[in-house]
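In: sequence and predicted structure are below.
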Amino acid sequence: MTDEHSISTDDRTADVWGERTPFAAGAPWPSRVDTHLTVPADRVERWVPSACVLCSNGCGLDIAVADGEIVGVRGRAEDRVNHGRLGPKGLYGWQANRSADRLTRPLLRVGGELRPVDWETAMGAVVDRSKAVLAEHGPLAMAFYTSGQLFAEEYYAQALIARGGIGTPHLDGNTRLCTATAEWALIETFGSDGDPGSYTDVDLCDTLLLVGHNVAETQTVLWARMLDRLHGPDRPALVVIDPRRTPTAAEADVHLAVRPGTNVAVLNALLHELISNDWIDRAFLDDHTTGFAQLEQVTADYPAEKAAEICGVEADRIREAARIIGTGRRLVSTVLQGVYQSHQATAAAVQVNNINLVRGMIGRPGATVFQMNGQPTAENTREAGADGSLPAYLNWQNDDHVQRLADAWNLDPLRIPHWSPPTHAMEIFRYCENGTIRFLWVTGTNPAVSLPELHRIRSIYGSDRLFLVVSDAFPTETTALADVVLPAALWGEKTGCFTNADRTVHLSHQAVAPPGEARSDFDTFLDYARRMDLTDRDGKPLLPWHGPEDAWTDFTALTRGRPCDQSALTYDRLRSGGGIQWPCTDRAPDGTERLYTDHVFPTAADRCEDYGHDLTSGAQYEADDYKAQDPAGRAVIKTAHYLPPHEQTDDTYPFHLTTGRTVHHWHTRTKTARSPELQRAAPEMWVELHPEDAAHLGIAEGDRVRVASRRGSIEAPALLRGHRRGVVFAPFHYGYFDAADPGRHRRAANELTRTEWDPVSKQPILKVTPVSVTPLGTAGPEDTPEGPR
């Protein structure tokens, strides 16, 4: 192996995972340093340590700088996450920073049009409206909707402003759309958020179970790690549950291509097989869990034949998958959007936790479950309290926890909203719709493309009674609806910390100055707090910080003794460069590779992050009920029966639409469409059909089709690569900012999806939408998209 090499653009948009470096269980994953520069190497003036922010893997990299600009990146060989590798988005996505259409001045809507103004005028408008809304309607008329791509320090500032300063519970992140279910599945089972395992468990396992997780396209470097094991001398067995034959599923020993919306049924059947064949660790269950008897009772109703009928897969394939899972010695299970954005999301994700628990596969090398994240800093929204939780995994129902937060912020605890759960995003938008919320600040996300039922979202955001502030780096479909637009600095233009899916924290250093008048969101929040005169109970500034390191110091102090303890994780320690996993404490200054190695879980009533829910109804458990049956450090096994999706197919809408991500783009393409290599690789919207469904409708490869639901329709070329009849797939990335006719809303997949969410995680259901498909006409060869590679 060479220590460092640069791979051509064409190679890494087509050869997504790069060359194989197979290795055996327990051996170190070989390093491979991937590099992409837009200038000769000798022109690079300095390399600035950072990590990639274009998926949840958190790959360590260095930013190349020349003449005050970012000119490339290279993977960092010593980083524990990626060992030098970078995926296509990591290699090329940074070029969006240099896009000619970056927002460089604030914009204010005047006479119906957005016009450039100075920061004083823009912030004056934001603050004047904030004060007016507070005076007339109170704090419950104020709301904030943030991202999964800011830094921890920025989320913590938002949480302090919203929950402590304004006194509103209406703060959530776009992580509600991608990994809210990850958070709640972990809380329901283990008592706290935070994935228990380490990516090094992939290096050690002998069995992989990937449920609704197309890791090959969503986390390309993690898939490269898995591929190197799968192509190594002692290949782990691989079971994949996914309606589509993704590149991940193509490698599987058993692929269960279930009918969309039936995850709970197939997982209950797998658990039934494990229990009935005695492929379980009864001593572990007796000593370290509670609730197994109910699981055994419920799953007894799901023999393989029944699940096969519900899910549309063969009973023998279910049994074979269970045999692989049940006889392996070291099981790593992973879960992502195929569960989180589907029907009965939390119930299904919890059943995956249960598979690992009944096998006793937790807290030891090569044995864990990953409730994966989708975004690079999704974990930080949860840790810092910028989603539907309090900072430091504190429990809003626990008065002692709220008092601890109030003491840290020097506030009266009654000032911090905790009379009910923090408001989730879908409820925030409903309040905007009915006029209860009059001020909404959207930061670093594009909900006018990413949210379900887009015609409704455009109507809400375009309402005269809602004052909409948007912080972003680019003009988007959402900034077009705003009253004020604030130009934001991007990654590489500011400093801050972020945590990946296996709890590895990186410090990303500022490499270059932001363009024009763009500012970091951290600086904007400090400015807002100062102008709003937000103070603590002694009259001192509520946000007393001068820079992000000050905020980080306060945040990590708050985490002391909590499951996400980062009290010893200083900027100086993080500058060492290789990434450090929390908990990071005085007793574990180098971090902690795995949680729960003693099989004691943070489920005790005085420690847990939440008292949990009924998985079927979403009913919140009360403190007294929880304390009466205190798990006291044991993992909680919960279960649920399968229920069919609420919206069913029929003669008018006979197909199931499932939406998702593809390898070359990220979210709504605000960054990746501005990377020449990534945009060339996937320039246009497309939909995927099964060839037999297409033939029945008279549709050929590349023909334009109309896909319609009960809410709207889209038009796109068809790719005849579907694996399961009756299933239509559409990527959700494509909106209208670069469309030929941006006012014609026939491109975004979320024109079709509906406003419905999981009862526990409150995550929107985007993968079970009944649709019709109609041919529109024959396309020429130049109109036929390549789709995913």
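Out: Perfect, thanks for sending it.

In: what mean pLDDT does stretch 540-557 have?
Out: Across stretch 540-557, pLDDT averages out at 98.

In: contacts for it, please.
Out: 151-154, 156-157, 160-161, 164-165, 384, 391-392, 408-411, 494-497, 520, 522, 525-526, 529-530, 534-536, 566-571 (C-beta atoms under 8 Å, 6 or more residues apart in numbering). No exception for glycine: its C-beta is placed from N, CA and C like everyone else's.

In: got it, and stretch 706-713?
Out: 453-455, 647, 653, 657, 687, 714-716, 728, 730, 745-746, 751-754, 769-774, 776.

In: okay, the top helix by length along the chain in PDB with CA atoms only?
Out: Counting by DSSP state H, the longest helix found in the chain is helix 119-137. The C-alpha coordinates for helix 119-137 follow below in PDB (Å, rounded to 0.1, in the frame of the first residue of the first chain):
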ATOM      1  CA  TRP A 119     -25.900  43.600   9.400                       C
ATOM      2  CA  GLU A 120     -27.100  46.400  11.700                       C
ATOM      3  CA  THR A 121     -30.300  46.700   9.600                       C
ATOM      4  CA  ALA A 122     -30.900  43.000   9.300                       C
ATOM      5  CA  MET A 123     -30.300  42.200  13.000                       C
ATOM      6  CA  GLY A 124     -32.300  45.200  13.900                       C
ATOM      7  CA  ALA A 125     -35.300  43.800  12.000                       C
ATOM      8  CA  VAL A 126     -34.800  40.400  13.700                       C
ATOM      9  CA  VAL A 127     -34.600  41.800  17.200                       C
ATOM     10  CA  ASP A 128     -37.400  44.300  16.700                       C
ATOM     11  CA  ARG A 129     -39.800  41.600  15.500                       C
ATOM     12  CA  SER A 130     -38.600  39.200  18.400                       C
ATOM     13  CA  LYS A 131     -39.400  41.900  21.000                       C
ATOM     14  CA  ALA A 132     -42.700  42.700  19.400                       C
ATOM     15  CA  VAL A 133     -43.800  39.100  19.300                       C
ATOM     16  CA  LEU A 134     -42.700  38.500  22.900                       C
ATOM     17  CA  ALA A 135     -44.500  41.600  24.000                       C
ATOM     18  CA  GLU A 136     -47.800  40.800  22.200                       C
ATOM     19  CA  HIS A 137     -47.900  37.000  22.200                       C
END
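
In: picking that back up, buried only: go through the contacts of stretch 540-557 for me.
Out: 151-154, 156-157, 160-161, 164-165, 384, 391-392, 408-409, 411, 494-497, 520, 522, 525-526, 529, 534-536, 566-570 (16 or more other C-beta atoms under 10 Å).

In: those in strands, which ones?
Out: In strands, judged by DSSP state E, the following of the buried ones among the contacts of stretch 540-557 are found: 496, 497.

In: quick one: low-confidence ranges for the chain?
Out: Low-confidence segments of the chain (pLDDT under 70): 1-10, 779-789.

In: helices along the stretch 651-789 of the chain, start to end?
Out: Ranges of helices within the stretch 651-789 of the chain are 676-681, 691-697, based on DSSP state H, counting those that start in this stretch.

In: could you export these as TSV, including distance to residue 118 and mean neighbour count?
Out: Below are these laid out as TSV (distance: least, C-beta to C-beta, whole Å; neighbours: other C-beta atoms under 10 Å):
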stretch	distance to residue 118	mean neighbour count
helix 676-681	33	19
helix 691-697	55	16
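
In: nearest to residue 213, out of those helices?
Out: Smallest distance to residue 213 across the helices of the stretch 651-789 of the chain (C-beta to C-beta): 21.9 Å, for helix 676-681.

In: just the CA trace of the closest one, in CSV.
Out: Extracted in CSV, the C-alpha atoms of helix 676-681 (Å, rounded to 0.1, in the frame of the first residue of the first chain):
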residue,chain,number,x,y,z
PRO,A,676,-18.7,20.0,-10.2
GLU,A,677,-17.8,16.4,-9.8
LEU,A,678,-20.8,15.4,-7.7
GLN,A,679,-23.3,17.3,-9.8
ARG,A,680,-22.0,15.8,-13.0
ALA,A,681,-22.3,12.3,-11.4
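
In: give me the contact list for that helix.
Out: 9, 12-14, 88-89, 91-93, 95, 664-665, 669, 672-673, 786, 789.

In: re earlier: mark which of the contacts of stretch 706-713 are buried, thanks.
Out: Counted by 16+ other C-beta under 10 Å, the contacts of stretch 706-713 give 453-454, 647, 653, 657, 687, 714-716, 728, 730, 745-746, 751-754, 769-773 as buried.

In: take those and keep only those in strands.
Out: Filtering those for membership in strands, criterion DSSP E, returns 657, 687, 714, 715, 716, 728, 730, 769, 770, 771, 772, 773.

In: in the sheet, who's paired with the fourth one?
Out: When assigned by DSSP bridges, residue 715 has beta-bridge partners residue 706.

In: how about residue 57, nearest residue that isn't a chain neighbour?
Out: Closest residue to residue 57 apart from its sequence neighbours, by C-beta to C-beta, 6 or more residues apart in numbering: residue 219 at 4.8 Å.

In: distance check, the closest residue to residue 204 other than its chain neighbours against residue 205.
Out: Nearest non-adjacent residue to residue 204, counting by C-beta to C-beta, 6+ apart: residue 366, 3.3 Å away. For residue 366, the distance to residue 205 equals 4 Å [C-beta to C-beta, to the nearest Å].

In: which residues do those two both contact?
Out: Common neighbours of residue 366 and residue 205 (criterion: C-beta under 8 Å, 6+ apart): 25, 330, 331, 332.

In: which one of the residues you listed is nearest to residue 302?
Out: Using C-beta to C-beta, the shared contacts of residue 366 and residue 205 come closest to residue 302 at residue 331, 20.1 Å.

In: now do the contacts for the closest one.
Out: Shown in contact with residue 331 (C-beta under 8 Å, 6+ apart): 205, 206, 207, 208, 209, 325, 355, 356, 359, 361, 366, 367.

In: for the fourth one, helix, strand, or coil?
Out: When the structure is reduced to helix, strand and coil (DSSP: H, G, I helix; E, B strand; the rest coil), residue 208 reads as strand.

In: beta-bridge partners for it, please?
Out: Counting by DSSP bridges, residue 208 is bridged to residue 238, residue 332.

In: now do it: how many residues are near it, please.
Out: 30 (other C-beta atoms under 10 Å).

In: tell me how far it lies from residue 366.
Out: Distance of residue 208 to residue 366, computed by C-beta to C-beta: 10 Å.

In: what do these two both touch?
Out: In contact with both residue 208 and residue 366: 331, 332, using C-beta under 8 Å, 6+ apart.

In: does residue 620 really touch residue 395, like I thought?
Out: No - here residue 620 does not reach residue 395: they are 11.9 Å apart, not a contact under C-beta atoms under 8 Å.
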